[in-house]
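Participant: based on what follows, work out the 3D shape:
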Amino acid sequence: MAEAEYKALCDLVLGLLWLRQWSRECNLFVDDLAIPIYEDNQSCISIANGDCNLKNQQIKHINIQLHFIKEAIMSLIVCLIYTPTSSMLADFLTKSVSRPILSHSLLSLCVVGLRVRGDVENHNQDQFDQQEATPSPADVTPPLLKN
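Facilitator: Numbers count the residues shown, from 1 in each chain. Okay, the predicted model is just below:
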């Protein structure tokens with residue numbers, strides 16, 4: 001499991017480095033602060049920070065090319081922050097979660113106007129009721145044109 005998380009972390013850091021460079025080339029403001037990465041796998045964090053012995057049989061087959069993450073951390077390009085799985089707001093984007101977790105995640109991400117309906121067992125119902133999210137014509141009509 002740590003290997004898959006570590007490879008995903010590698011892809012993320014590559015993408016962040018590309019995005020930072022592209023932003024600079026477009027003359028967009030980019031600060032030089034370390035980019036926080038929220039990770040729920042402590043083994044992955046331990047490998048990336050160099051806190052574990054790389055001669056360990058479980059991780060010695062991880063490709064050397066992936067160890068540039070350590071350099072990114074030491075260069076303050078990224079920083080890894082442990083976040084418990086229960087606090088990972090984006091989990092609903094990659095896996096099935098319960099209604100309370102989905103509702104909490106949507107609220108925390110400021111997604112409003114969506115009501116969660118049904119659940120995994122009752123999958124015939126619509127997952128979202130978007131009536132509240134769709135504005136009425138009166139809401140989108142400019143004030144000068146309203147009667």
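
Participant: output the longest helix belonging to the chain.
Facilitator: helix 2-25 (DSSP state H).

Participant: any idea of the mean pLDDT in that helix?
Facilitator: Across helix 2-25, pLDDT averages out at 89.

Participant: buried ones in the strand or helix carrying Leu102, by neighbour count?
Facilitator: Assigned by DSSP states H and E, Leu102 belongs to helix 99-108. Judged by neighbour count using 16 or more other Cβ atoms under 10 Å, the buried positions of helix 99-108 are 102-106. C-beta: built from backbone N, CA, C; applies to glycine.

Participant: and that helix, what does it pack onto?
Facilitator: Counting contacts by 3 or more Cβ pairs under 8 Å, 6 or more residues apart in numbering; DSSP states H and E, helix 99-108 packs against strand 115-116.

Participant: how does the protein divide into domains?
Facilitator: Residue ranges for the domains of the chain, per automatic domain parsing: 2-83, 89-137.

Participant: what's the mean pLDDT across the shortest one?
Facilitator: What it means is domain 89-137. 68.

Participant: in this structure, which spans are strands?
Facilitator: Ranges of strands in the chain, per DSSP state E, are 35-39, 78-82, 115-116, 128-129.

Participant: still on that earlier bit, buried stuff in the longest helix of the chain?
Facilitator: Here helix 2-25 shows 2-3, 5-6, 9-10, 13, 20 as buried, counting by 16+ other Cβ under 10 Å.
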